[in-house]
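Asks: What follows is a predicted protein model with its sequence.
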Amino acid sequence: MTPVELKAVLLTALLNPAVIVVASWMGSKADQWQKVPIAAFAGAVVGSALIYIAVRLGVSGITGVGRAAAGVFIAQFLFGLVWAHIGYWFRRRP
């Protein structure tokens, strides 16, 4: 088995639309900054579920990334922190 490329893991986590939508939406609904990591975690969970479904359906280009599920989850959480913070910041702007 060949190792999973780090570039593929990072691009999958960065461009996952479920993470972007869920984290930014929940970040915009947060009334305290402490809830931003919760929004990022929720985005990572939904994003991981979407990747699981894509791997099970055999979507090309994502099947190799399915072996690095933990790495993708961590990267999605970190990118989700950014998206949730952006959503939180846009809501708090005067």
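Replies: Okay, I see it. Please read these numbers as outputs of a predicted model, since none were measured by experiment.
Asks: Same question for stretch 29-48: list its buried residues.
Replies: 30, 36-37, 39-48 (16 or more other C-beta atoms under 10 Å). Using the backbone N, CA and C atoms, a C-beta is placed for each residue, glycine as well.
Asks: Out of those residues, list just those in helices.
Replies: Using DSSP state H, the members of the buried residues of stretch 29-48 that fall in helices are V36, P37, A39, A40, F41, A42, G43, A44, V45, V46, G47, S48.
Asks: name the helices or strands packed onto the helix of greatest length in the chain?
Replies: Here the longest helix in the chain is taken by residue count, with DSSP H as the criterion, and it is helix 69-92. On a contact count with 3 or more C-beta pairs under 8 Å, 6 or more residues apart in numbering; DSSP states H and E, helix 69-92 meets helix 6-14, helix 17-29, helix 36-57.
Asks: and of these, who's closest to T63?
Replies: In this view, the helices and strands packed on helix 69-92 are compared for proximity to T63 by C-beta to C-beta, and helix 36-57 is the closest at 5.8 Å.
Asks: now the angle from that closest one to helix 6-14?
Replies: 110 degrees (axes from the mean of the first three to the mean of the last three C-alpha atoms, to 10 degrees).
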